[in-house]
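In: Using only what follows, build the 3D model:
(chains A, B and C)
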Amino acid sequence: MTVARKRRISHAALLGHAAILVFGLVAPFVFPNYTFQIAMLWIMILFALTWDIMGGQMGYNSLGNILFFGAGMYISAVVQIGLVYDVAAYTSAFGGVKVDFTTAQYFTGIALGIVAAAIFCTLIAVIFGSMVFGLRGPYFAIGTLGVALAAGELVGGWDYVGGGGGISMPVYPGEPESRSLFFYSLCFVSAITTFGFLKWLYSGRFQTTINAIRDDEEKAEAMGIRTTRYKVVAWSIAAFFLGISGAIFGNMAGFIEPLEVAFPTVTFGIFMVVMSLLGGKGTLWGPVLGATLFHVIKEVTWTYLLGWQWVALGAIIIVNVVFFQQGILGWAQDKWPEFFGIVVDDKLSAKGAAAREAAE
Amino acid sequence: MSFMKPICAAAAMAASLSLGLAAPASAKVEGDTIILGSAISLTGKYSTNGIHAQNGYELAVKQINDAGGVMVGGKSYKFKVVYYDDESTPARGAQLAERLIKQDGVKFLLGPYSSGLTKAIAPVTEKYKIPMIEAEGASRSLFTQGYKYLFAVLSTSEQYLASAIALAAEVAEKNGKKASDVRIAMAFENDPFSLDVRAGVVDDAAKFGMQIVIDDKLPRDLSDMSATLTKVKALKPDLLVISGHSKGAATAARQLKEMRIDTPMVAMTHCEAAQVTAKFEGASEGLLCPTQWAETLSYKDGYFGTAAEYDALFKKTFEGYKSVPYQSAQASAAVLVWKDALERADSFDIGKVRDAIAATEMDTFYGKIKFSPQGNNVAKPMVLRQIQGGKYNVVAPSKWASHEAVHPRNPKY
Amino acid sequence: MWDNISLLGIAPLLNVQLLLDGILIGAIFALAAYGLALVWGVTNVKNLAQGDFVIMGGYIAYVFSTLGFHPILALPVAAVLMFGFGWLVYRLIIAHVIGRDLFTSLLATFGLALVIQQVLNLIFGPDVQTAESGFDILFLFGGQVTLAEIKLVSLILAGTLAALIVIFMKTSRMGQAIRATAQNARAAKIMGIDTDQVYAFTFALNAAICGAAGVLISMIWVIQPFFGISYSIRSFVIVTAAGLGNLPGVIIAGLGLGAAEQFSGFVLGAEFQQATVVGLLVLVLIFRQLQMRRHRKVVA
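Out: Purely as a prediction, here's the structure:
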């Protein structure tokens, strides 16, 4: 790779970063009416990024990452309420008692809630990780799906956290404008932090190792890589950030319940997979791109395709998975490899193309 | 790579459409039109009832507009409702309420369908101080939060089965037993609405000192309740109460028959929506079904006339309705309250309009409407109907009862 | 919970009731699971739309009953229609998925499931529907145990269907070709078997089996556009527990799952009935994993 080309890449990346940062900072002021949608966009980006750690980089396709989103939401709720009130009494009244949280209580609660969500979700990932990581391929996907579905059902049967009746979250003590700005900032910061952390993580040995697990787990093991440890760490990272996003989302939504808000396995749980695939899994920017595109398409079509939006979504998933699985970035890398710093050896690539054809 | 083309095209379309979205949004009052907004379930699991509610809104809007519209400040305005589909999900509902208020500038809202959605939207309307008159969110927890901008025309959910409990106590005393001897079996779906109904039943049972022998929560994707009914068979309670939207009612009616449950008194919600009389003729005989409204009641107003006249007009306007669901009737009533309140406020000032709504005291075809300081309608009772000879007859409370309750029930299995 | 267990001890006939209810419905689960095992074994496609095929069959029966026919007559019609639908789905989607990695088939069929649910919802609305068989109810043990005749009828029909499939697999050319392809697709291809045709037929056959199961379900329980996922999960539980190509295992696991659901619903409360199914799935997978781990140790 020539020096000039390298510089061009870093310029492009730098521009990309700057553009996103500037957009994130000014968006709520330039488009004040769309603050909620843009906040959701950051959450979607976080979803896709965290799914890709396992699904894209490590080749372990989880269908149950939503587990941590919901767990984070409930952990945070219990911490926030538990600080000032008896949780069981609060939830059993289904919002029948009104608890006034002072400003200080509210913000302490939310801060502690987010921290607790992150910590406990990481713990859950470690515990469940050791249970499910022996599963390979489809069994892993089905197993994680099962864990997430079971979590929703069990929380629904657990009266302490309100069961199927859900929990009304503490009410934000300020004005609506400051409320939406506050939650916007939380969403933005958590997504950017996730991105930054993963960028750092992917620049080192860790990425090479988990890629090795993806490419050939047996060989990676044979080379002395402690695969299970890496798998657990990768899942814990995803759980950490997803727990945070769950805690934020629960407060942003104001009302949480197990099946549709906390553990929406067949919506958010699948969206994260589709977004990563759409943008190009196994890359840093792919999930970001995929999430953005998906969210914009969804928001726009939802308004114009009344009644058919879910049919369209299913069709998008099928087309995406069956005919366009390399995703946008994957496709772009195939088309302009030199832009991504991939050295193209004509002989090798000819062989690769032939092999690909044969595989199809 | 020809398959990229449609995707590029879609992306381009998406971009152009999203620019289109940013165009100036409609305001609360445009020319001679008052814009009402509603996020309502047009798709998803609540869509049947969501559409019933939408039809109710539309019928009332049409009726009011045809009768000269709304007079505010000496000028006549027409109503128009902007709808968004919340897909029956709370998170989406809250998002759409923001969109209606912030992007579309709507200042007067009509409610969504279901308590869950209303719970999600109420904090939003409260924050922006936008009044919402809702007709489909019955959960009593909506009215304990001190909301100032939320008004509901319907009776709250804890009243749904209260008259069934009272009836059970009455019957026990008539038969020489004590009310506290009554044993109750409960099967409630595990969702916010049904759990609210359950809380009302638990409170009322405690009041009479009745004993609850079964307390099962049915899963949401419920298609079988035979395990619960097996328990009912073994424990022989005096009263069985079931609530689980229309799927709960349909499942229960079928399995009551299959298992020949001979509990003398069975009360369940959503009989009408599940069409139990048509589908389980004979087996549904004697079921007690609470309702917010019935076309046989003697309510009337100046817009629709009597309840029966509303019923006739609704059936004429919308095809395919054999009977008018109360969800539509109460939705129409909510629009009537908007007209009444706007005319009394004689202004579009939010504060004045809100106070006018709070001071509402009117008779409608749907019943009397008067709001408590918490925002729920305290003037209209729930009525309990029993299926007698395939017809719904009002049996309680006694003020509205047209028939005597049959006890024990006499199903033909 | 302990009250309920002691109740079972005091009134042992309750066990009979629960067992009967569970086993009879379990037979239908087993039917759908057998279809899944068939497709999984032959094409290596894991069909997450399995339950939605079942629900489609249920709606065919529902349409039949609204047209004034007896819903049981819908059984052959649903099988034929779903066979055609399965063939179409194979040509449009599954053919492009075969041979790809395992996750692709899961996600693609998930997308398919979404489309089916939503189209059913657009056509029939989200309310539950039933098809009435009009059959009588049997009283056993002096009326203490009730049994809807339709459940017995569907047990017989499910059994007959399973027997027909087994005979078909053993004796017909296509059946032999399917089994050959399942054993070794490459070898089968070399021997002149049109494997693509075999895959298409297998997938279509599975859809037909599911359709038939759905007809039975609609007469026993209730159907709704979004209930498919629970049948998919049940099929996966049964197949992972029984293993592929193990028909007796699938039948036993199916009946067992049906009974387990009833007993857990009785003992733990109905709110844990669904949780039991997914809980069993996770347990079965963990058990499989332990087995695999032991296996790996032996190799090492």
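In: What strand or helix carries residue 199?
Out: Just so you know, I chose chain A. helix A:176-202 (DSSP states H and E).
In: Please refer instead to chain B.
Out: Per DSSP H and E: helix B:192-208 holds B:Ala199.
In: where along the stretch 1-150 of chain C do the helices fall?
Out: Using DSSP state H, counting those that start in this stretch, the helices of the stretch 1-150 of chain C run over C:2-10, C:13-43, C:50-66, C:74-89, C:95-97, C:102-124, C:149-171.
In: Please disregard the earlier target; I meant the stretch 251-400 of chain B.
Out: For the stretch 251-400 of chain B, helices defined by DSSP H, counting those that start in this stretch occupy the ranges B:276-279, B:307-317, B:326-345, B:350-358.
In: Who are the contact partners of the residue in the stretch 51-200 of chain B that chain C sits nearest to?
Out: Residue nearest to chain C within the stretch 51-200 of chain B: B:Asn190 (5.2 Å; CB to the nearest CB). To be clear about C-beta, it is placed using only N, CA and C from the backbone, and glycine gets the same treatment. Applying CB atoms under 8 Å, 6 or more residues apart in numbering or on different chains, we find B:Asn190 in contact with A:Gly156, A:Gly157, A:Gly163, A:Gly164, A:Gly165, B:Lys217, B:Leu218, B:Pro219, B:Arg220, C:Glu271.
In: so how far is B:Lys78 from the first one?
Out: Distance of A:Gly156 to B:Lys78, given as CB to CB, to the nearest Å: 45 Å.
In: more neighbours, the two?
Out: Neighbours were counted for A:Gly156 and for B:Lys78 using other CB atoms under 10 Å in any protein chain shown; A:Gly156 has more, 27 against 16.
In: looking at it, the more buried one is touching C:Phe272, isn't it?
Out: No - the pair A:Gly156 / C:Phe272 is not scored as a contact, 9.3 Å apart, by CB atoms under 8 Å.
In: still on that earlier bit, just name the most buried of the helices of the stretch 251-400 of chain B.
Out: helix B:326-345 (a mean of 25; mean count of other CB atoms under 10 Å in any protein chain shown).
In: Give me the angle between that helix and helix B:350-358.
Out: For helix B:326-345 against helix B:350-358, the angle by axes from the mean of the first three to the mean of the last three CA atoms, to 10 degrees is 120 degrees.
In: what residue ranges in the stretch 251-360 of chain A score low on pLDDT?
Out: The model of the stretch 251-360 of chain A has pLDDT under 70 over residues A:302-307, A:340-360.
In: how about the residues of it near chain C?
Out: Residues of the stretch 251-360 of chain A found near chain C (CB under 8 Å from any CB of the partner chain) are A:266, A:270, A:273-274, A:277, A:307-308, A:310-311, A:313-318, A:321-323, A:325, A:359.
In: Can you list which of those residues are found in helices?
Out: Within those, residues falling in helices by DSSP state H are A:270, A:273-274, A:277, A:310-311, A:313-318, A:321-323, A:359.
In: Counting by contacts, list what the helix holding A:Lys199 packs against.
Out: Packing partners of helix A:176-202 (3 or more CB pairs under 8 Å, 6 or more residues apart in numbering or on different chains; DSSP states H and E): helix A:3-30, helix A:35-52, helix A:227-253, helix B:115-128.
In: Give the other helices and strands that the third one contacts.
Out: The helices and strands touching helix A:227-253, judged by 3+ CB pairs under 8 Å, 6+ apart, are helix A:35-52, helix A:66-82, helix A:103-132, helix A:176-202, helix A:205-215, helix A:217-222, helix B:90-98.
In: Now do the helix or strand just after the last one: everything it contacts.
Out: So the one you mean is helix B:90-98. Following helix B:90-98 in sequence order, the next helix or strand is strand B:108-110 (DSSP H and E). The contact list for strand B:108-110, computed with CB under 8 Å, 6+ apart, reads B:28, B:34-38, B:57, B:81, B:97, B:100-101, B:121, B:125, B:130-135, B:331, B:334-335, B:338, B:342, B:353.
In: Kindly recompute the last result at 6 Å.
Out: Residues from elsewhere that reach strand B:108-110 (CB atoms under 6 Å, 6 or more residues apart in numbering or on different chains): B:Leu36, B:Gly37, B:Ser38, B:Tyr57, B:Thr125, B:Ile130, B:Met132, B:Ala334.
In: repeat for stretch A:35-55
Out: Contacts of stretch A:35-55 (CB under 6 Å, 6+ apart): A:27-28, A:60-62, A:65, A:180, A:184, A:187-188, A:191, A:194, A:198, A:234, A:237-238, A:241-242, A:245, A:272, A:275-276, A:281, A:287-288, A:290-291, A:295, A:299, B:95, B:98.
In: And for the nearest residue to B:Pro381 once chain neighbours are set aside, the neighbour number?
Out: Closest residue to B:Pro381 apart from its sequence neighbours, by CB to CB, 6 or more residues apart in numbering or on different chains: B:Pro397 at 5.9 Å. Applying other CB under 10 Å, we find 15 residues neighbouring B:Pro397.
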